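Student: Could you look at this predicted model? Sequence included:
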Amino acid sequence: MTPILTGAVTLLAGAVLALALRRNEHRAAAAIASQAVATALVLAGALPVLLHGGDERAALAWSYPVDVIAWHLDPLGAFFLAWSLPMTLAGTIYALGYLRPYFATRNAGVQFALLNVTALSFVMIYTLESAFAFLLGWEIAAVAAWLLVVWDYRNPRIRFAGFNYLVSTHVGLFVLLAAFMVMHSQTGSMDFQAFAPFLRAPGTLRDVTFVLLVTAFGLKSAFFPFHTWLPRAHSAAPAHVSALMSGVIHKAGLFGLLRVTLLLGTPEAWMGWYLVVFSACSAVVGVLYTTAQRDLKRLLGYSSTENVGLAGLGVGVGYLGLAWRQPALVALGFTGGILHVLNHALFKCLLFYAAGAVSRQAHTVDLERLGGLARRMPWSAALFLLAGLASAGLPPLNGFVSELLLYAGLLGPAAPPGVERSLLVLAAALLAFVGGVAALAIARAFGVVFLGAPRDPRVHCEGEVPASMRLPMLAHAAGVLALGLVPSLGLALVEHPAGLFLAALPGAAEGLPAALEPARLLGPVAAAGAGLVLLVAALAALRAWLLRGPPAPAGVTWGCGYGAPTPRMQYTGASFSAQLAGLFDAVLRLVRRDRLPEGPFPEKGGRVNTHCVDAVEQRMFEVFGEGDRLVTGAAHQIPVEPRFSLAAGLLALLVVVGLVVAGAGVLR
Amino acid sequence: MSALLAAAHLAALLLLPFPLVGIVNRTRARFAGRKGPRLWQTFDDLRRLLGKRPVYSRATTVLFRAAPLVLLASTLLSGLFVPLLGAAPASFDYDFVLLAYLWGLGRLALVLAALDTGSSFEGMGASREAAYAALLEPALFLALGTLAAASGHASLAGLLEAGLRSPAEAVTGLGALVALAVLLQVEAGRVPIDDPSTHLELTMIHEVMILDHAGPDLAAVQYAAALKLTLCASLVAGLVDPLHGAGGAAAAAARLALTAAVAVAVGCAESLVARLRLKAVPQYLLVAGVAGAVALLATAWRQGGGQ
């Protein structure tokens, strides 16, 4: 406990220093140094628990109304700590490079201090087991993320995105508060461990609490349909903030879900199905939106919804395994889900960092204006491609490892034969669809931004980014490669966290062979990854031998006989995804603004502008708008018309009585 | 024995694509009233390409040169999981997931190479290829997942060889067969989805993506396409093989004969059916999805106690 507490104090000191120092360089140095020290301290405390198992508890006495802060470090919390803090440190180093152009004119100390505070909130969320302190950490993370998003606060669009995020995250907070209040009312305690007996006993109130908790954590992790704040926030924030929000901060929602699972004992099968359906919807809708976005960072934001859906799918399969008492399903589901959380953090941060490099050097992330950046920024291009391949779940990278475990859980023989097994096969088919569409989305994003020729002559790229931005990217890329080529490395990290869930199964001894199931499945994957790399190398050598001699001549791209092609005639992002988007136009609503040329000899130039809007958000605003109009209209009528006031009063009475009766029924 | 099998499998994997493409072309030629090229014509074509010096567009990067290698390597590697001769040298649980994703990797490499040239024609082909692959992927997993659920096996060789023996499983087998047949047509770029024999840019998918490839690069791409045709034909043959991995040289020869018969069927289909309009392709892919779903429903009903 001592090293982690010391780390927390170091983080706080670093935040204060970042605010107090005079020069932006010193502020950044203070944040980075304090985070490096804190990361080392926290890893020293957390790694033994993560790698060898264990359970450390402590209690801190505090004043009223908190009374006692329960401190608890188990492998699950240690797992989240073990990568959240190093990744925040990498993000802070990246921020040093990313914010440097502003150093002369703006105070970047707030950003660095907030990054420290974010790291501090991880320590709180992942180790504190008192609801009050946990919520405090939760709220610190939310408000810090909001302040980080509105760095460019003079832009009204960014202010709106930040406000939108703030409202959404607090709706989630209220739902979470409601769940904690229910649990507090039933147990009289604010300690998570005291909630366990209540959460283990079957009953309506337990079901309600579960749904409330999943909603709150789903909002935090941006599950569909609670994702509407996410694309706005991610496209508005500075790149390091988008990366940390998407990859690290919002994993707190999944952590909350897993923490609750440990308290829940044996869940019921419907809870598993609820999670599976919820997650599959997130994955499918999220990935569909990634195909149609013009804004690179917005696209990556939707990909977060997809990937938390995949991780949630694993957790849902684990729930089903717990409910059906199938150790193999528990092991595969939770191992796959938890591993995907880490894998997603690794490649999604890298994708955002590379997108940030584009945004910093080319000053736009609009797909339709970019092109051919691979020649100007080869490092960023290669790293974006690597992370993109991983995000599409392609071998031999880390995304494939966790997706294979998900497939093994969904297609395995552990599910009861008949309807249940068939539904899981259906979910596997959806997962395959998600994989295929993700490949299309990443081909489109990478191809349009980095390949071909520049589409807009006004966009000027300033070349490769500085080392301070490349270094964090390389660190993430190393993780992507390592976990992909050596899957046992990832398994070693999630073995004990996933083991907690196996231990929750009655008759844990029979779960021992099941715990080895993921390792058995991934053995051949490691061999195949190595084989693929060797085979490509051998073929490359063969090709070099065939092409020995003078270098190959260079020419122009074959234009199919057309002699004067221009870069404007290249396939655009919109045209690349038009075919698929046309099939799913119920979800992918394309807003089109155009001024077409008129007459046989048009004098004015025409233009077309398409933009893919979020159908959920659009509908939400529509409903709010309509409801607002309805309520305002009715409210105006009430004082004028006696029968309106009577009706309103009766309605209010009915609602109150109904709530009381329903509440009494639930509580009984 | 296993070393012998591995050697035989490797030889079949490397050599079978040439005569198989030859059989398809021969069949098409016969329907057109021509004699057709020799069975090993493809081999000579590729050898000729290997000796040629490619020309690279100035717009391309190193990715364009690497893509054919990645495509060929991933396809070759996936060939180790397919029971070409009744058994596969590398067979493990969920190898079909790896196969599908290796093909996905190769496809993505080719798509990116097409975008690398900056040509709008190649972009068009790349867009189609990626979209159709995404639509086909669920059908493939429905079919193979259903076979896995029905047979209780999780490896490609296992779930094909365990086979569907009882008549009650006929619907499952038929659904999977339809889905795999469509998979063959899409993955190998055959009629009615795509036509490998013309280069009319506006109508094509696979061929238009490789307009700028030449020399050994083009040879790698075409060899990979022939390999995919072989692997898909072998999957279809494995599904209908009555011997079901009986083992031995006779069973292996029978499997090869069945694979050749599938190639003849592909040639017949290409001669008798016109290529679909591109608008109709998603509907055609939906047929594969529905076939997979029917197989799944039949299995669910049977396993759920409907017997």
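Tutor: Done, it's in.

Student: and the one helix or strand in chain B whose mean pLDDT sits lowest, what other elements does it pack with?
Tutor: Taking mean pLDDT, DSSP states H and E as the measure, the helix or strand of chain B with the lowest value is helix B:156-161, at a mean of 82. Counting contacts by 3 or more CB pairs under 8 Å, 6 or more residues apart in numbering or on different chains; DSSP states H and E, helix B:156-161 packs against helix B:95-116, helix B:120-151, helix B:215-240. (Glycine included, C-beta is placed from N, CA and C.)

Student: For those, give me a markdown table that also has mean pLDDT.
Tutor: As requested, the helices and strands packed on helix B:156-161 are exported to a markdown table (pLDDT from 0 to 100):
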| stretch | mean pLDDT |
| --- | --- |
| helix B:95-116 | 94 |
| helix B:120-151 | 90 |
| helix B:215-240 | 93 |
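
Student: Mind putting those helices into TSV with mean neighbour count and distance to residue B:166?
Tutor: Shown next, in TSV, are the helices and strands packed on helix B:156-161 (neighbours: other CB atoms under 10 Å in any protein chain shown; distance: least, CB to CB, whole Å):
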stretch	mean neighbour count	distance to residue B:166
helix B:95-116	27	23
helix B:120-151	27	10
helix B:215-240	24	15
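
Student: Same list, these, but as TSV with distance to chain A please.
Tutor: What follows is the helices and strands packed on helix B:156-161, written out as TSV (distance: least, CB to the nearest CB, whole Å):
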stretch	distance to chain A
helix B:95-116	3
helix B:120-151	3
helix B:215-240	5
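
Student: Out of these, flag the one nearest residue A:557.
Tutor: helix B:120-151 (8.1 Å; CB to CB).

Student: helices and strands around that closest one, which ones?
Tutor: Against helix B:120-151 (3+ CB pairs under 8 Å, 6+ apart) you get helix A:398-411, helix A:419-450, helix A:573-583, helix B:95-116, helix B:156-161, helix B:170-187, helix B:206-209, helix B:281-301.

Student: per-stretch mean pLDDT over those, give me the minimum one.
Tutor: Comparing mean pLDDT across the helices and strands packed on helix B:120-151, the weakest is helix B:156-161, with a mean of 82.

Student: Please work out which residues outside it touch it.
Tutor: Applying CB atoms under 8 Å, 6 or more residues apart in numbering or on different chains, the external contacts of helix B:156-161 come out as B:81-83, B:86-88, B:91, B:95-96, B:99, B:144, B:147-148, B:151, B:153, B:235, B:238-239, B:241, B:244-245.

Student: For the stretch 401-550 of chain A, give me the ranges with low pLDDT.
Tutor: A:507-512 (pLDDT under 70).

Student: now the least confident helix or strand of chain B, how far from the chain's geometric center?
Tutor: Here the centre of helix B:156-161 is set off from its chain's centre by 17 Å, with CA atoms, centre = their mean, to the nearest Å.

Student: Go through that helix and flag the buried ones.
Tutor: B:156, B:157, B:158, B:159, B:160, B:161 (16 or more other CB atoms under 10 Å in any protein chain shown).

Student: Distance of the last one relative to chain A?
Tutor: Residue B:161 sits 17 Å away from chain A, taking CB to the nearest CB, to the nearest Å as the criterion.

Student: Show me which helix or strand of chain A is least confident by mean pLDDT.
Tutor: Quick look at chain A via mean pLDDT, DSSP H and E: least confident is helix A:512-515, a mean of 71.

Student: Run through the neighbouring helices and strands of that one.
Tutor: Partner elements for helix A:512-515 (3+ CB pairs under 8 Å, 6+ apart): helix A:327-362, helix A:487-503.

Student: Tell me which of those approaches chain B most closely.
Tutor: helix A:327-362 (10.5 Å; CB to the nearest CB).

Student: Please identify the residue of chain A positioned nearest to chain B.
Tutor: Closest point on chain A to chain B, by CB to the nearest CB, is residue A:571, at 2.6 Å.

Student: wait, that residue sits on residue B:127?
Tutor: Yes: under the criterion of CB atoms under 8 Å, residue A:571 makes contact with residue B:127 at 6.5 Å.

Student: Which neighbours do those two have in common?
Tutor: Counting by CB under 8 Å, 6+ apart, nothing touches both residue A:571 and residue B:127.

Student: before we move on, back to that, and the buried residues of helix B:156-161, which two are furthest apart?
Tutor: Across the buried residues of helix B:156-161 (CB to CB), the longest gap, 9.3 Å, separates B:156 and B:161.
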